[in-house]
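> The sequence and its predicted three-dimensional model are supplied below.
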Amino acid sequence: MPRCEVLVAGGGPAGVTAAVAAARHGAKTQLIESSGMLGGIWTNGLLPHFIDYQHRGLLRELRRELLLNDAHTSEWRSDIASVADFDPEILKFVLEKMCAEAGVSVQLYSRVSSAHRSSDGSRLETVVTESKSGAQAWQAHTFIDATGDGDVGASAGCAFDIGHPETGQCQPMSMMALLSGYGTPQTPPFSISDWGESKDWLLEEIRRGGHDPSYSRPTMFLVHDGCVIMMANHQYGYSGPDAALIGQATTEGRAEILRIVRALRSLGGRWKNLRLQATSPHIGIRESRRIHGLYRLRKDDLMRGRRFHDGVCTVRFCFDVHALDPHSNKGIDGVEGEVKPYQIPLRSLIARDVSGLMMAGRCISGDFYAHSSYRVTGDAAAIGEAAGITAAHAVSTGQYPHQVNFTEIEDKLPNSVKPEKQDDEG
Ligand SMILES: Cc1cc2nc3c(=O)[nH]c(=O)nc-3n(C[C@H](O)[C@H](O)[C@H](O)COP(=O)(O)OP(=O)(O)OC[C@H]3O[C@@H](n4cnc5c(N)ncnc54)[C@H](O)[C@@H]3O)c2cc1C
């Protein structure tokens with residue numbers, strides 16, 4: 001049975017950064033990814049748009065590499081958070097290079113299908129993957145669940161939450177599309193400096209072409225001149241961990257994209273050369289399981305701008321709950337808009353119900369509303385980096401993550417800004 005020190009499940013923004021950080025801090029690290037590429041939503045989801053881009057650590061290195069490869073398309077700072085756009089295809093190579101240089105062993109096309117505890121039930125001991133090689137068992141000292149859906153934690157029997165606290169309903173999924181034949185920085189929506197107004201403009205254009213899109217805030221990101229990425233649909237009522245429903249949402253989303261492209265092309269003029277080049281290999285899943293950790297971030301923490309003695313990064317992005325059905329809009333239950341910059345405590349990355357398991361990215365421990373803010377990729381990557389560093393430290397000191405004293409690692413965490421005043425001493 002292959003054995004490593006840190007095993008990271010899922011190679012999205014959180015998983016890649018976790019694996020690179022763990023390997024750089026001395027741990028023999030295995031990264032398992034179910035698709036044929038690294039990057040998660042950035043590449044497989046065709047959404048290379050970093051919100052709350054943190055200007056430190058691995059994200060800064062990533063940006064530098066993308067600049068060197070002429071793949072960095074834009075960067076700007078809004079009132080809420082820093083944002084950066086990249087070419088998704090080049091990002092795949094850059095992430096592979098980062099992993100190779102750090103010494104991470106990567107296995108693609110392999111899905112973690114189950115997780116198993118030690119005989120006394122206290123510790124996560126093994127995960128099993130399914131792939132062309134059949135079922136393979138992997139042992140590690142510390143596992144990091146970066147699957148976005150919390151697949152490892154759920155299979156290991158950890159408690160989790162999913163969806164709205166009363167109904168369990170999840171935010172809609174969106175299928176992204178790569179289009180050619182349209183767009184320069186001088187054309188709308190890119191020339192419209194107000195983000196909201198650019199979406200209104202695009203919505204009216206799609207409607208003018210005869211289609212009313214399921215997402216009322218359609219967006220385009222400029223990759224290169226004449227090449228754009230579009231997000232214009234919402235698939236309502238589906239749930240991340242349900243294969244049948246994801247498939248249905250994918251088919252519906254793809255069909256709507258074609259209708260939108262045809263509607264825009266029918267307008268002629270600036271739209272006449274618009275072509276659909278690709279739909280994203282995987283539909284974008286905004287939310288799924290949130291595995292219970294030693295601390296569960298709450299809406300109230302964000303409203304207060306809470307800082308913690310074990311804060312691993314600072315989040316600036318707003319509450320961003322997408323409508324749960326076609327008739328409502330953003331801002332559910334009166335929770336909407338800006339947050340006070342708040343910290344993610346390390347405890348939210350450490351599983352409560354089993355030793356040897358951490359979470360990184362959107363499956364960390366938080367409530368429905370808090371998740372809508374910290375899920376963005378700038379934060380997911382910073383969280384991943386912190387998880388990797390903690391896991392490597394746990395390995396080297398023979399502890400489990402929950403036993404690590406934060407003061408032993410805080411100087412190694414690039415995104416951990418020591419707060420002048422800590423609200424939390426727990
Ligand atoms: C439509 C949409 C638009 C968004 N817009 C933005 C935006 O503009 N900017 C922004 O910063 N964020 C945006 N977000 C939020 C952000 O994309 C996610 O929250 C982010 O992907 C979190 O990163 P992650 O690494 O936790 O998860 P993911 O990116 O989902 O990565 C998870 C990885 O794990 C792999 N995986 C899953 N299950 C398994 C398994 N069992 N075994 C092995 N591998 C597995 C997946 O293939 C994937 O590579 C958007 C999300 C969606 C869905």
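That came through, no problem.

> how close does the residue positioned nearest the centre of the chain sit to residue 272?
Taking Cα atoms, centre = their mean, the centroid of the chain lies closest to residue 377, which sits 4.7 Å from it. Computed as Cβ to Cβ, to the nearest Å, the residue 377 to residue 272 distance reads 34 Å. The way it works is simple: take the backbone N, C-alpha and C, and place the C-beta from them, glycine included.

> hang on, the earlier thing: from the ligand, how far off is the residue nearest to the centre of the chain?
3 Å (Cβ to the nearest ligand atom, to the nearest Å).

> Same check on residue 185?
From residue 185 to the ligand the distance is 19 Å (Cβ to the nearest ligand atom).

> Show me which residues of the chain sit near the ligand.
Residues of the chain lying close to the ligand by Cβ under 6 Å from any ligand atom are 9-15, 32-35, 40-41, 44, 47, 49-51, 111-112, 146-149, 151, 174, 231, 284-286, 361-362, 375-378, 380.

> average pLDDT across stretch 380-391?
Over the span of stretch 380-391, the pLDDT mean works out to 98.

> As PDB, could you dump the C-alpha coordinates of it?
Output of stretch 380-391 as PDB, limited to C-alpha atoms (Å, rounded to 0.1, in the frame of the first residue of the first chain):
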ATOM      1  CA  ALA A 380      -9.300  29.100  -0.600                       C
ATOM      2  CA  ALA A 381      -5.600  29.200  -1.700                       C
ATOM      3  CA  ALA A 382      -4.400  31.000   1.400                       C
ATOM      4  CA  ILE A 383      -6.400  28.500   3.500                       C
ATOM      5  CA  GLY A 384      -4.800  25.600   1.600                       C
ATOM      6  CA  GLU A 385      -1.300  26.900   2.100                       C
ATOM      7  CA  ALA A 386      -1.900  27.200   5.900                       C
ATOM      8  CA  ALA A 387      -3.300  23.600   6.000                       C
ATOM      9  CA  GLY A 388      -0.300  22.300   4.200                       C
ATOM     10  CA  ILE A 389       2.200  24.000   6.500                       C
ATOM     11  CA  THR A 390       0.300  22.800   9.600                       C
ATOM     12  CA  ALA A 391       0.100  19.300   8.300                       C
END
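
> in stretch 142-159, what counts as buried?
By 16 or more other Cβ atoms under 10 Å, the buried positions in stretch 142-159 come out as 142-156, 158.

> Stretch 104-114 now?
Neighbour counts over stretch 104-114 (16+ other Cβ under 10 Å) mark 104, 105, 106, 107, 110, 111, 112 as buried.

> Among those, which lie within helices?
Secondary structure defined by DSSP state H assigns none of these to helices.

> which two in those residues are spaced the farthest apart?
For the buried residues of stretch 104-114, the farthest-apart pair by Cβ to Cβ is 104 and 111; their separation is 18.1 Å.

> is it true that residue 382 touches residue 416?
No - using Cβ atoms under 8 Å as the test, residue 382 is too far from residue 416 to be in contact (9.1 Å).

> Now the common contact residues for the two.
With contacts defined as Cβ atoms under 8 Å, 6 or more residues apart in numbering, the residues shared by residue 382 and residue 416 are 312, 313.

> out of the two, which sits in the more crowded spot?
residue 382 (31 against 26; other Cβ atoms under 10 Å).

> Wait, a helix at that one?
Yes - the assignment for residue 382 (DSSP: H, G, I helix; E, B strand; the rest coil) places it in a helix.

> Against residue 128, how distant is it?
Separation of residue 382 from residue 128 (Cβ to Cβ) stands at 30 Å.

> Which helix or strand lies directly C-terminal to the helix or strand bottoming out on mean pLDDT in the chain?
Least confident helix or strand of the chain, by mean pLDDT, DSSP states H and E, is strand 72-77 with a mean of 67. Next helix or strand after strand 72-77 toward the C-terminus (DSSP states H and E): strand 82-86.

> Quick check: phi and psi at the closest residue to the ligand within the stretch 151-300 of the chain.
Distances between the stretch 151-300 of the chain and the ligand by Cβ to the nearest ligand atom are smallest at residue 284, namely 2.9 Å. For residue 284, the backbone dihedrals (degrees, to the nearest 10) come out as phi -80, psi 120.

> Contacts only, for it.
With contacts defined as Cβ under 8 Å, 6+ apart, residue 284 is in contact with 41, 45, 47, 173, 174, 175, 176, 231.

> In helices only, show me these.
Among the contacts of residue 284, no member falls in helices (DSSP H).

> Which of those residues scores worst on pLDDT?
residue 47 (93).

> burial count for that one?
Residue 47: 22 neighbours (other Cβ under 10 Å).

> Thought residue 178 was touching it, still the case?
No - using Cβ under 8 Å, residue 47 makes no contact with residue 178, being 10.7 Å away.

> helices and strands around whichever strand or helix holds residue 8, which ones?
Per DSSP H and E, residue 8 falls inside strand 6-9. With contacts taken as 3 or more Cβ pairs under 8 Å, 6 or more residues apart in numbering; DSSP states H and E, strand 6-9 sits against helix 13-24, strand 29-32, strand 142-145, helix 377-397.

> Tabulate the CA atom coordinates of the first one in PDB.
Written as PDB, here are the backbone C-alpha positions of helix 13-24 (Å, rounded to 0.1, in the frame of the first residue of the first chain):
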ATOM      1  CA  PRO A  13      -6.900  26.200  -5.600                       C
ATOM      2  CA  ALA A  14      -6.900  24.900  -2.000                       C
ATOM      3  CA  GLY A  15      -5.500  21.400  -2.700                       C
ATOM      4  CA  VAL A  16      -2.600  22.500  -4.900                       C
ATOM      5  CA  THR A  17      -1.500  25.200  -2.400                       C
ATOM      6  CA  ALA A  18      -1.900  22.700   0.500                       C
ATOM      7  CA  ALA A  19       0.200  20.100  -1.300                       C
ATOM      8  CA  VAL A  20       3.000  22.500  -2.400                       C
ATOM      9  CA  ALA A  21       3.200  24.000   1.100                       C
ATOM     10  CA  ALA A  22       3.300  20.600   2.800                       C
ATOM     11  CA  ALA A  23       6.100  19.400   0.400                       C
ATOM     12  CA  ARG A  24       8.100  22.600   0.800                       C
END
